[in-house]
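In: Here's a sequence, model it:
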Amino acid sequence: MDYKPLNYRNLNIAENTFMPNTVKSYNNRTFNYWARSLFQRACSTIIFDKIPEAWEGAPKDFLYYCLFRYGFVAVFDLPEYGITFNPCTLSGYNIYYQFTNAIISNPAIEKGLNLEIDKDCALLRLTPDYMGIYDIIAYYAEKISTLDVALNTALINSKVGMILAAKNRNAAEGLKMALDKINRGECAVILDKTIVDDAQTHEDPFQLIDRDIGRNYISDRLLNDFQTLINNFDTEIGIPTLPYQKRERMVTSEAESKIIDSTSRSIVWFDTLMASINNIKKLYPDINLSAKLRYDPEEMKAGDNENGISENDFDRPNELL
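Out: Alright, predicted model coming up:
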């Protein structure tokens, strides 16, 4: 997932051998917007409720970025910085094919560090496979970005309710002028009579092709698809959602099933994070570090039971959490 600089020849091959090469799903501002938005949305699912004082503020933001982007950071102790963290490159394997060394290269550290894991440093990990979750973010950002284009096109097409065909150039220019004035907000448009009256054939100079906007309007369905993709992403990262198709109140079994579905991956991430925090505390017992899930499934189930959800409870407003 890391960026690797490419020269013109590499870029030309990469862009023009992709079919169709006119589709630019990732190299656009819309994708960048949604990737940033979804990344911040994902970071909200885990809270560091206790963190070293030196890590507060901007370092904490950097910690979130590294964990969710790369999947891990190395935590180590330096005399001039105390216990700190940094992104690193992993090397070496033990008998269980786990990494044994963390290589750190930072301009603020004069010499690069090659630290032995669990002896000179410890890893703070988010995922058990040493990866971040940017693949999830990119997957949904690409789909939402593509749908965003379709939505913009549908909205533009729904603004004009007719197609006009002109018999000659004068009539076409007159229609353009009229539409410009209408779009500018003028309540009435006056055309030259010679444009309307064809002296040679006495036939109508304008042809009107009606468009059934009501039948062809798809923006509402695109917006529903938009919400579905957002809900699917939330389910992936651990944010409970309520499908917009669900008109009645969810029964207890449905609510619990939705909670389990939406928090399954975040629980794996949280368990991996807590296990790595325990390893860090073995190496640095005095470190003040702990985390919790923003949407804890056990707390949400308890909250539902307190609210009195029952399988026959369909009369109250549509709500889940």
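In: just for the chain, where's the confidence low?
Out: In the predicted model of the chain, residues 1-6, 14-24, 156-157, 159-163, 182-188, 191-216, 242-262, 300-321 satisfy pLDDT under 70.
In: Could you give the bridge partners of Ile117?
Out: The residues paired with Ile117 through beta bridges, assigned by DSSP bridges, are Cys121.
In: Locate Thr272 within the secondary structure: which element?
Out: With elements taken from DSSP states H and E, the one containing Thr272 is helix 252-283.
In: Run a quick neighbour tally on the closest residue to Gly238 other than its chain neighbours.
Out: In space, not counting the residues next to it along the chain, Gly238 is nearest to Ser266; the distance is 2.7 Å by Cβ to Cβ, 6 or more residues apart in numbering. C-betas here are computed from N, CA, C, even on glycine. The local packing count at Ser266 equals 23, with neighbours defined by other Cβ atoms under 10 Å.
In: Ser266 and Leu38, how far apart?
Out: As defined by Cβ to Cβ, to the nearest Å, Ser266 lies at a distance of 14 Å from Leu38.
In: do the same with Ala291
Out: Counting by Cβ to Cβ, the gap from Ala291 to Leu38 is 21 Å.
In: who has more neighbours, the two?
Out: Neighbours per residue, other Cβ under 10 Å: of Ala291 and Leu38, the larger number sits with Leu38, 24 against 19.
In: ok, now which ones touch the closest residue to that one other than its chain neighbours?
Out: The shortest distance from Leu38 to any non-neighbouring residue, by Cβ to Cβ, 6+ apart, is to Ile137 (4.8 Å). With contacts defined as Cβ atoms under 8 Å, 6 or more residues apart in numbering, the neighbours of Ile137 are 35, 38-39, 42.
In: Are any of those buried, and if so which?
Out: Buried members of the contacts of Ile137, scored by 16 or more other Cβ atoms under 10 Å, are 35, 38-39, 42.
In: Helices - which of these land there?
Out: Helix and strand membership here follows DSSP state H; of the buried ones among the contacts of Ile137, those in helices are 35, 38-39, 42.
In: Between these, which sits nearest Thr84?
Out: Sorting these by how near they are to Thr84, with Cβ to Cβ, puts Phe39 at the top with 23.4 Å.
In: The closest one touches Phe68, doesn't it?
Out: Yes - with contact defined as Cβ atoms under 8 Å, Phe39 counts as touching Phe68 (6.6 Å).
In: Now the common contact residues for these two.
Out: Tyr134.
In: Show me the strands in this structure, by range?
Out: In the chain, the segments counted as strands under DSSP state E are 46-50, 72-78, 82-86, 89-93, 99-104, 113-116, 121-125, 162-166, 206-210, 290-293.
In: Which other helices and strands does the longest one contact?
Out: Counting contacts by 3 or more Cβ pairs under 8 Å, 6 or more residues apart in numbering; DSSP states H and E, strand 72-78 packs against helix 58-70, strand 82-86, strand 99-104, strand 113-116, strand 121-125, helix 252-283.
In: mind checking which of the ones you listed is nearest Glu298?
Out: Proximity to Glu298 (Cβ to Cβ) singles out helix 252-283 among the helices and strands packed on strand 72-78, at 9.3 Å.
In: for Tyr140, what are its contacts?
Out: 34, 38, 229, 232-233, 236.
In: Recalculate using a threshold of 6 Å.
Out: By Cβ atoms under 6 Å, 6 or more residues apart in numbering, the residues touching Tyr140 are 38, 233.
In: And for Leu155?
Out: Leu155 makes contact with Ser219 under the criterion Cβ under 6 Å, 6+ apart.
In: of all the ones in helices among the buried ones among the contacts of Ile137, which two lie farthest apart?
Out: In these, two members sit farther apart than any others by Cβ to Cβ. They are Ala35 and Ala42, at 10.5 Å.
In: Tell me the spacing between Ala172 and Ala165.
Out: 9 Å.
In: So for these two, which residue has more residues nearby?
Out: Applying other Cβ under 10 Å to Ala172 and Ala165 shows that Ala172 carries more neighbours, namely 16 against 12.
In: quick one: contacts for that one?
Out: Applying Cβ under 6 Å, 6+ apart to Ala172 gives the contacts Ala166.
In: Please tell me how far it sits from Lys181.
Out: Summarising the geometry, the distance separating Ala172 from Lys181, computed by Cβ to Cβ, is 15 Å.
In: likewise Ile47?
Out: Summarising the geometry, the distance separating Ile47 from Lys181, computed by Cβ to Cβ, is 56 Å.
In: do the same with Leu113
Out: As judged by Cβ to Cβ, Leu113 and Lys181 stand 70 Å apart.
In: between those two, which one's more packed in?
Out: Under the criterion of other Cβ under 10 Å, the comparison of Leu113 against Lys181 puts Leu113 first, with 18 against 15.
In: got a list of what the more buried one touches?
Out: The contact partners of Leu113, by Cβ under 6 Å, 6+ apart, come to Ile104.
In: repeat for the one 3 residues further on
Out: When contacts are counted by Cβ under 6 Å, 6+ apart, Glu116 touches Asn101.
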